[in-house]
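Visitor: Have a look; sequence and predicted model below, questions after that.
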Amino acid sequence: MDIIVCYILLGLLSLLLLIYLNENLRTKRNLPPGPFRLPVIGNLIQVALADSKEPYKAFKKLGQQYGDIMSIQLGSLYSVVLNSYEDMEEYLPTADYSDRLFTAWFAERTFDKRLGIIFAKYQEPWQVLRRFCLRSLRDFGFGKRSKMHTVIESELHDIVKELQMSVKENDGIHTFDCYFTLSVLNVLWAMLAGTRYEHSDPKLLRLIKLTRDMMSSCNFGNNILLAYPEWKDWFPDWTGLTVQRKCYRETNAFFQEFIDQRRKLGAYKTNPENMVDEFIREIETNGEDTVYSDQQLVIIMNDLFVAGSETTSHTISWCILYLLLNQDIQNKLQEEIDLIVPKGTFPTVEQESQLHYLKAVLAETHRIASVVPLMVPRAAEKDTTCRKYFIPKGTYVIANIHGMHHNKDYWKDPDTFCPERFLDADGKYKPDARLKPFGFGKRLCLGARHHIDPFTISPSSKLHFTQSQPTSTFRGSRSWSHKRTSNISSFDKVSMNRNLKHQHHL
Ligand code: HEM
């Protein structure tokens, strides 16, 4: 008995010693403050105690105690959380903070290599690939607004028709669960492949099923994979990795099949018709040993789908929800649309600039929903500093966008849906620099150019404000489905998948 007590005491003493040494090391290295770290698990318990379901809320709470820049040890992963707009704006656009976190777990999606754009290494090959994508999106996608408009209009047409039918068949009740995913995927597909699928096309439906299977495989175990990537092969079923591997294989094969078809067709040689053709041309010109390869193209296609589909469709779903919950805002928006857009027609590109209230509603949706709550994980590119603190190379940098978009010091009544905060006295749309749904600087979202137009703020009109001035968002994007909400975001791989298992009722 005495021996057992001795062992327990010894264990406790060793634990205290380890905590002390850890804390001492933090002070010595001048790392940002944070909760004391336990051996092996780091701060996982403190994060779970602060909010076990929504890490962005946990980080906000812990930030109130430890400061806007805070060290958090997630298992074996050392991370720094930024909670304030000022720090995000100052540091995230710089080269030192422009790398991405990348672990063996992430590599499962990308042929066990570091491919694609989202997780590409800063500065090369990311720069080459990003440039290629921006040019291609300009030539075949977002750049040609009228072309995109035609694609979007076709989708709108189908959405409205299906909605009318569904309401008729179901006594006025329509379930919005993943309703917009199909159309959004189709627009992305049109951008990449130059065509769109019929909504009943088995290929499109298969792609959606794979996306859904991927999402529902994201469970608590996924957070464990982020905290301990080295454990990835130990419990593949429990962590959802088995399902994810199957989905990665199938989606990547789907994209490769399309690439093979385009190569066989040969249009890329003389008259490239889409982004895939352009990339094949680069492969043929530069050779497979460069950054251009079939696998690279597969992952870029995958990246654009992963990054573009859930984020966009969930934002639209949130917007519908807030309009349903705020009938006065809905009426006001309808009035504006009726005034500008002739009845029975869809809005045109030219009319878009006159729809100020609509822009304000979209901006407010981005703010309140913050569908990518912890941004896509950044990493320190080299040893650097943040304010007076030391940030070691490779540190996982978490930007708490949701916390910032709900900060009382920046936004009056942040939990209230209020588009008016984005309007000036004349009812004209008024951008706010602190609205950052698409991230910062060099790694700004690739889809932002299109989305952000109404939210663009020129550097000269950048606001200077004090914290007290009341003014006017890897898994786990925040999503909403009819009657249910899913506010879950896990520690973030890409903040792009949602956790269906943790949905709770409105
Ligand atoms: C509501 C819609 C969307 C939201 C809220 C959103 C948000 C974000 C955020 C926060 C980032 C990280 C930025 C950073 O690290 O500073 C990001 C990156 C990215 N997004 Fe989006 N996104 C959306 C739509 C799209 C669309 C439609 C596309 C496809 C064209 C897309 C493609 C990407 C890519 C490729 C990246 C990685 C950029 C890089 O690392 O260089 N996103 N997005």
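Guide: Yes, it's here.
Visitor: Dihedrals phi and psi, Leu137?
Guide: phi -60, psi -30 (degrees, to the nearest 10).
Visitor: Hmm, it is touching Asn274, no?
Guide: No. Counting by CB atoms under 8 Å, Leu137 does not reach Asn274; the two are 11.0 Å apart. In this view, the C-beta of every residue, glycine as well, is placed from N, C-alpha and C.
Visitor: got the contact list for the residue lying closest to Cys418 once chain neighbours are set aside?
Guide: Closest residue to Cys418 apart from its sequence neighbours, by CB to CB, 6 or more residues apart in numbering: Glu364 at 6.4 Å. Contact criterion CB atoms under 8 Å, 6 or more residues apart in numbering gives Tyr322, Phe417, Cys418, Pro419, Arg421, Phe422 as the residues in contact with Glu364.
Visitor: Ile69 now?
Guide: Contact analysis of Ile69 by CB under 8 Å, 6+ apart lists Pro32, Val80, Val81, Leu82, Asn83, Ser84, Asp87, Cys386, Arg387, Tyr389.
Visitor: Next: Ile159.
Guide: Contacts for Ile159 (CB under 8 Å, 6+ apart) come out as Tyr179, Phe180, Ser183.
Visitor: Out of these, flag the one nearest to Lys428.
Guide: Taking CB to CB as the measure, Lys428 lies nearest Phe180 of these, at 28.3 Å.
Visitor: nearest residue to the closest one other than its sequence neighbours?
Guide: Distances taken as CB to CB, 6+ apart place Ser313 nearest to Phe180, at 3.9 Å, with adjacent residues excluded.
Visitor: give me every residue that touches the one you found.
Guide: Cys178, Tyr179, Phe180, Thr181, Ser183, Val184.
Visitor: what number of residues lie near Phe431?
Guide: No, residue 431 isn't Phe; it's Pro. The number of residues packed near Pro431 is 20, by other CB atoms under 10 Å.
Visitor: Just want the phi and psi numbers for it.
Guide: Reported as degrees, to the nearest 10, the phi and psi values for Pro431 are phi -70, psi 160.
Visitor: Is Val398 in a helix, a strand, or coil?
Guide: Actually, residue 398 is Ile. It isn't Val. The assignment at Ile398 comes out as strand when based on DSSP: H, G, I helix; E, B strand; the rest coil.
Visitor: Can you point out the helix or strand that includes the closest residue to it other than its chain neighbours?
Guide: With CB to CB, 6+ apart as the criterion, Ile398 has its nearest non-adjacent residue at 4.6 Å, and that residue is Val81. Element membership of Val81, judged by DSSP states H and E, is strand 77-82.
Visitor: mean confidence score for that strand?
Guide: Averaged across strand 77-82, pLDDT comes to 97.
Visitor: hmm, it touching the ligand?
Guide: No. Using CB under 6 Å from any ligand atom, strand 77-82 stays clear of the ligand, with a minimum separation of 11.6 Å.
Visitor: Against which helices or strands is that strand packed?
Guide: Other helices and strands packing on strand 77-82, by 3 or more CB pairs under 8 Å, 6 or more residues apart in numbering; DSSP states H and E, are helix 55-66, strand 69-74, strand 396-399.
Visitor: 6 Å instead?
Guide: In terms of contacts (3 or more CB pairs under 6 Å, 6 or more residues apart in numbering; DSSP states H and E), strand 77-82 is packed against strand 69-74, strand 396-399.
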